[in-house]
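Q: coords please:
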Amino acid sequence: MSDTRSRIRRHVRDTPGVHFNRIGRDLDIATGQAQYHLRRLVRDGELAVERIGGRAHYFDPAVDAWDRRTLAFLRRETAREIVVRLHADGPTRPAALADDLDLAKSTVSWHVSTLADHRIVEKSPDRPMTVSLARPERTAALLDEVSPSLPDRLVDRFVRTVDSLFDAEE
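A: Predicted coordinates for the structure are as follows:
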């Protein structure tokens, strides 16, 4: 196996949920080279890929599917902030999350729905609805493993800015 492929595999195992663009940046390898080696590693079963929100996140294949989805979301600043708040405060209303995190209600609504679709959070059936972590103990353990990268945080902040401009118009 090539040295580049070994470096990629090691980096993914050390950085669970790392997305495609960050692998190239972190290892200083060309996009085409990263694509080629990642494709081979996934094909050969040495890595697993989870596609979430238009991004490919890579993992050791031994990582559980729920953990893969959760780690991918925890690498994104806004989703992570929502999960951290739910971990700290327990079941919370989406409007309170929006106020506490200084986010547009539409942003919180989208993230909560997406997190619920992936079974990371649960929405209560009662009204007013509350949101809680689906697996609080496991989520707490995963929170310690990851933090969003600078590019992820910048994209999230851009989306927040755009959302706040639309909310100001309402």
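Q: which SS state does the residue lying closest to Ile8 once chain neighbours are set aside fall under?
A: With sequence-adjacent residues excluded and distances taken as CB to CB, 6 or more residues apart in numbering, Ile8 is closest to His37, at 5.2 Å. All C-beta atoms are positioned from the backbone trio N, CA, C, and that covers glycine. Here His37 is helix, with the state taken from DSSP: H, G, I helix; E, B strand; the rest coil.
Q: Just say helix, strand or coil for His57.
A: Following three-state DSSP, the label given to His57 is strand.
Q: For the chain, which residue occupies the most central location?
A: Phe73 (1.6 Å; CA atoms, centre = their mean).
Q: and it, what is it in contact with?
A: Phe73 makes contact with 52, 79-80, 83, 114-115, 118, 120, according to CB atoms under 8 Å, 6 or more residues apart in numbering.
Q: Dump those residues into TSV; add neighbour count, distance to His19 and secondary structure as well.
A: Listed next are the contacts of Phe73 as TSV, based on neighbours: other CB atoms under 10 Å; distance: CB to CB, whole Å; DSSP: H, G, I helix; E, B strand; the rest coil:
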residue	neighbour count	distance to His19	secondary structure
Ile52	19	9	strand
Ala79	25	13	helix
Arg80	20	14	helix
Val83	24	18	helix
Thr114	17	16	helix
Leu115	23	18	helix
His118	17	16	coil
Ile120	25	17	coil
